[in-house]
Every structure is written in structure tokens, then in C-alpha cells.
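>>> any chance you can model this:
(one chain, ligands or ions: 1)
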Amino acid sequence: MSIVLVVNSGSSSLKYQLIDVEQSQTLASGLVERIGAAGGHARHRHEGVENDSLGSHWDVAVDIADHEAAFAVMLEGFAAHGPSLEAHAPIAVGHRVVQGGARFFEPTVITPLVKINIDELSALAPLHNPANLEGIEAAQRAFPDVPHVAVFDTAFHQTMPPAAYTYAIDRELAAKHRIRRYGFHGTSHRFVSRAAAEYLERPIEQLRMIVLHLGNGASACAVDGGRSVETSMGMTPLEGLVMGTRSGDIDPAVLLHLERRAGLDTDGVDRLLNSQSGILGLGGHGDMRDLVAARDAGDEAATLALEVYTHRIRSYVGAYAAQLGRVDAIVFTAGVGENSAVVRELALAGLEGFGVEIDPERNAVRGSEARRISTDGSATAVLVVPTNEELEIARQTLQLVRA
Ligand code: ADP
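This next block holds a predicted model:
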């Protein structure tokens with residue numbers, strides 16, 4: 001059996017997938033939302049499995065007090081709508097954990113000591129690690145007899161060289177507070193870079209590529225021979241590209257100016273940069289579909305927002321090309337990267353002189369499979385490769401428990 005339950009536990013939500021890893025097939029998936037608040041909501045989807053191929057869908061309004069209650073709702077979804085967790089029992093549970101610091105560079109079986117470490121790393125990820133840990137505790141109570149594995153968002157980037165992850169501030173102060181670039185979206189960058197190599201039918205060891213994960217959060221990653229050597233998110237997921245609601249790179253002195261001159265306190269600056277900036281702050285829409293629609297209708301703010309968004313991507317592509325020395329492939333992934341032809345076109349416009357040329361017809365084709373959107377003459381292959389972080393977590397979990 002190769003069935004793994006993948007759990008992504010946020011502060012107010014629980015996402016899960018039951019995956020048959022050997023078949024690369026999702027048997028069921030679901031989402032429990034508004035944990036700890038009034039008006040909770042749960043959705044469970046049974047994708048349909050062999051000999052039982054109908055599948056079903058369940059949507060329910062239910063108040064959910066905490067993560068333990070969220071797991072009870074999830075189990076109810078399985079019991080009432082399938083598939084049966086007896087017939088399709090997971091042999092392990094894989095957990096997404098956001099911050100693994102410099103301590104975790106590979107998937108790790110969760111022991112009491114690992115939980116202490118994850119808790120301790122909450123200092124670096126106060127919004128994420130505590131919620132991940134609550135999910136782990138609740139899942140261990142719900143599935144006490146199987147191994148639980150932590151898969152860290154930061155792990156893939158632990159191969160970055162010191163020159164890439166070190167901030168140019170006082171060394172001792174940085175060391176004391178563990179201030180350095182960690183990078184995020186590592187599970188996605190790893191999955192997508194491997195899938196791109198498969199698509200190109202070339203050993204990943206020979207390839208140098210730039211992966212652009214453009215979702216609500218967004219990050220670029222330079223991947224050399226399958227290893228992350230540079231990424232745009234830093235100590236937190238705020239640095240780098242322009243995102244749905246996050247500013248990405250900004251002169252740090254702007255923060256000082258906001259506090260001294262605009263009357264914002266630290267929480268106010270935090271809210272501004274994390275929740276009210278990006279394409280939302282610039283163009284009034286945090287969702288790329290809405291932003292592009294507004295631009296198409298002639299909205300000036302939306303037009304500028306899209307230009308800033310794609311200009312930043314192009315800057316990173318140039319920077320990472322210089323770090324890599326050669327670029328075999330540029331790979332777009334996640335919600336925006338997989339779906340927005342206009343973002344892809346604008347982001348790589350004008351790079352023909354560097355051997356990067358998108359074919360407009362190929363770029364316009366929609367699809368759910370990996371595909372090439374560059375011209376045949378483009379020296380750098382430009383690809384769209386759908387990400388699947390849950391499958392990657394399930395694969396890594398299975399590999400570890402079988403080892
Ligand atoms: P998350 O980071 O939450 O996992 P996703 O990878 O699902 O996010 O990406 C969400 C983003 O993808 C949203 O900004 C959404 O607008 C964008 N998106 C989804 N479909 C399209 C589309 N057809 N065109 C443009 N953007 C899209």
C-alpha cells in the first residue's frame with residue numbers, strides 16, 4: 001500500500017488530501033475553514049476510486065472550535081462520503097511545516113524532540129509554525145498508529161550557499177537572532193524543477209533553471225543541478241517578488257519613514273506590507289484574474305500594478321541568469337504562473353536578445369499538463385509546469401517511512 005494522508009494546517013484552516021502515491025492519484029481532498037471562529041465550513045471531496053468510481057462531494061456549515069474538532073469533521077467526511085479509511089488506510093501522515101530554520105533540511109519523522117524544535121522555530125514564523133504544530137498534535141491523536149512526517153517549506157533551499165543566504169548586517173546580531181534568508185515554497189520548487197527535467201527528458205543534474213512560483217504568494221528560485229542556489233523569499237515570505245497582498249522587496253528605510261512620518265506602529269507596518277500591498281495595494285485587486293480584467297477595461301492603477309508585478313519578475317530572471325551563468329529552462333507554476341498567459345508574456349518580454357522567446361500561440365493554449373511555450377528557436381526553454389505540493393509531500397513522506 002502506498003496511501004498517505006497529507007495535512008496542511010493553518011491557523012484557521014485545515015486542508016487535507018488522501019493520496020495513493022504509486023498511482024499519483026488523489027483519492028479524497030478537503031478543506032475545513034474558519035476554525036475557532038463562528039460560521040465554520042467544511043468541504044470534502046471523494047474523487048472516486050476503482051470499484052467505487054462515483055465519487056461524491058460534501059459541503060457543510062458547522063462551527064469548529066479547534067484543530068481537534070477540525071479533524072473530527074474530516075473523519076466524518078470520510079465516514080459519510082468515502083473513501084473508507086479502513087479500506088484505504090494511510091500508512092503515514094505527511095505534514096506541511098512552513099519554517100524548518102537551518103535545522104531541518106530534509107523530511108523528518110515527527111518525534112517529541114522534533115515537535116519541540118518546530119515549536120522553538122515559531123520565533124521565526126509566528127503565524128505558521130504554531131498552527132502547523134496544532135495540526136500535528138490533532139493528527140497524531142486521530143491517527144496514533146502510523147508515523148507522522150514533517151515536510152518543510154524551507155528545506156529545499158538549505159543548499160543555498162552562504163553568499164546567497166546571508167544579509168549584510170552585523171554578523172553577531174544576525175547569528176543571535178537567526179536572521180538570514182531561508183526561502184519558502186521549497187516543496188513546490190523541488191517538485192516543479194524535477195517535473196520540468198522529466199518533461200525535457202534530461203537528467204536534472206545537467207540542468208540550470210529558474211522556477212517562478214506565482215500564486216497568492218510568489219517566489220523565484222534558481223535551481224542548479226536540482227539544487228536550490230538562490231531564492232527570492234527571505235527570512236520570511238515577504239521578500240522578493242510582488243504578490244497578491246505582499247509588497248515583496250522594498251527599501252527597508254521606507255519602514256522607518258512610515259513609522260516616523262506616517263504614524264504607523266510596528267503592527268501597522270506589518271499589516272500594510274503583508275496584507276494591504278502587492279497588486280491589491282497598487283491596483284485594488286489581490287486576485288490576478290480581477291486585476292487583469294480591470295486592466296483590460298482600461299483601469300490605470302491596474303495597468304501599473306501589472307507592470308510593476310511583471311517588471312519585478314524580469315529583474316529576478318536577469319539576476320538569476322547571472323548567478324547561474326546559463327539558463328536551460330524558465331518554468332512558470334502555481335495559480336498565476338499556470339493560468340495567466342498575459343503575465344508570462346509581459347514578464348519575459350524583450351528577452352529575445354538573451355535567447356528567451358515565447359511563442360504567443362503556444363502561450364495562449366490552456367492546459368493542465370506540463371507544456372513548452374517557447375519558440376523552437378529559443379535557446380532557453382520556457383515551460384508551464386503545474387505544481388502539486390501535496391503529491392510532493394506524500395512522495396517524500398512515503399520515501400522516508402519506507403527507508
Ligand atoms: P496559493 O498561493 O494560495 O496556493 P494559487 O497558487 O492557487 O495560490 O494561486 C492563486 C492565484 O492564482 C490568484 O491570484 C488567482 O487570481 C490566480 N489565478 C487563478 N486562475 C487564474 C487565471 N485563469 N488567470 C489569472 N490568474 C489566475
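>>> and the next element down the chain from the lowest-mean-pLDDT helix or strand in the chain?
Least confident helix or strand of the chain, by mean pLDDT, DSSP states H and E, is strand 56-61 with a mean of 83. For strand 56-61, the following helix or strand on the C-terminal side (DSSP states H and E) is helix 67-81.
>>> the helix or strand following that next one vs the ligand: in contact?
Downstream of helix 67-81, the first helix or strand assigned by DSSP H and E is strand 92-97. No: contact of strand 92-97 with the ligand (C-beta under 6 Å from any ligand atom) is absent, the minimum separation being 11.3 Å. Where C-beta positions appear, they are placed from N, C-alpha and C, glycine not excepted.
>>> for the helix or strand following strand 92-97, name the packing helices and strands.
Next helix or strand after strand 92-97 toward the C-terminus (DSSP H and E): strand 108-109. Contact partners of strand 108-109 among helices and strands, from 3 or more C-beta pairs under 8 Å, 6 or more residues apart in numbering; DSSP states H and E: strand 148-152, helix 389-402.
>>> what mean pLDDT does strand 108-109 have?
For strand 108-109, mean pLDDT rounds to 98.
>>> residues contacting that strand, please?
Residues outside strand 108-109 that contact it (C-beta atoms under 8 Å, 6 or more residues apart in numbering): Val114, Pro147, His148, Val149, Ala150, Phe152, Leu400, Val401.
>>> dump the residue contacts of the nearest residue in space to the fifth one that is not next to it in sequence.
Sequence neighbours aside, Val97 is the residue nearest to Ala150 in space, at 4.6 Å (criterion: C-beta to C-beta, 6 or more residues apart in numbering). Val97 makes contact with Phe104, Ile118, Asn129, Asn132, Ile136, Ala150, Val151, Phe152, Asp153, according to C-beta under 8 Å, 6+ apart.
>>> in three-state terms, label the closest residue in space to Gln25 that isn't next to it in sequence for me.
With C-beta to C-beta, 6+ apart as the criterion, Gln25 has its nearest non-adjacent residue at 7.0 Å, and that residue is Ile19. Look at Ile19: counting by DSSP: H, G, I helix; E, B strand; the rest coil, its state is strand.
>>> returning to what we had before: what comes up buried for the least confident helix or strand of the chain?
Ser56, Trp58 (16 or more other C-beta atoms under 10 Å).
>>> just checking, what packs against that strand?
Looks like strand 56-61 contacts strand 41-46, helix 67-81 (3+ C-beta pairs under 8 Å, 6+ apart).
>>> looking at the ones you listed, which is nearest to the ligand?
Of all the helices and strands packed on strand 56-61, strand 41-46 sits nearest to the ligand, with 15.4 Å by C-beta to the nearest ligand atom.
>>> for the closest one, output the C-alpha coordinates as PDB.
Provided in PDB are the C-alpha atoms of strand 41-46 (Å, rounded to 0.1, in the frame of the first residue of the first chain):
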ATOM      1  CA  HIS A  41     -17.400  25.500   6.900                       C
ATOM      2  CA  ALA A  42     -16.200  22.100   5.600                       C
ATOM      3  CA  ARG A  43     -15.800  20.600   2.200                       C
ATOM      4  CA  HIS A  44     -14.900  17.000   1.400                       C
ATOM      5  CA  ARG A  45     -14.400  15.600  -2.000                       C
ATOM      6  CA  HIS A  46     -14.200  11.900  -2.700                       C
END
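>>> give the pairing partners of it; include direction for each.
Counting by DSSP bridges, the strands paired with strand 41-46 are strand 25-33 (antiparallel), strand 56-61 (antiparallel).
>>> and the longest one with the ligand, contact?
No: with C-beta under 6 Å from any ligand atom as the measure, strand 25-33 is seen stopping short of the ligand, the closest distance being 11.9 Å.
>>> I'd guessed Ile210 sits against Gly318; true?
No: using C-beta atoms under 8 Å, Ile210 makes no contact with Gly318, being 9.9 Å away.
>>> more neighbours: which of these two?
Taking neighbours as other C-beta atoms under 10 Å, Ile210 and Gly318 compare with Ile210 leading, 28 against 13.
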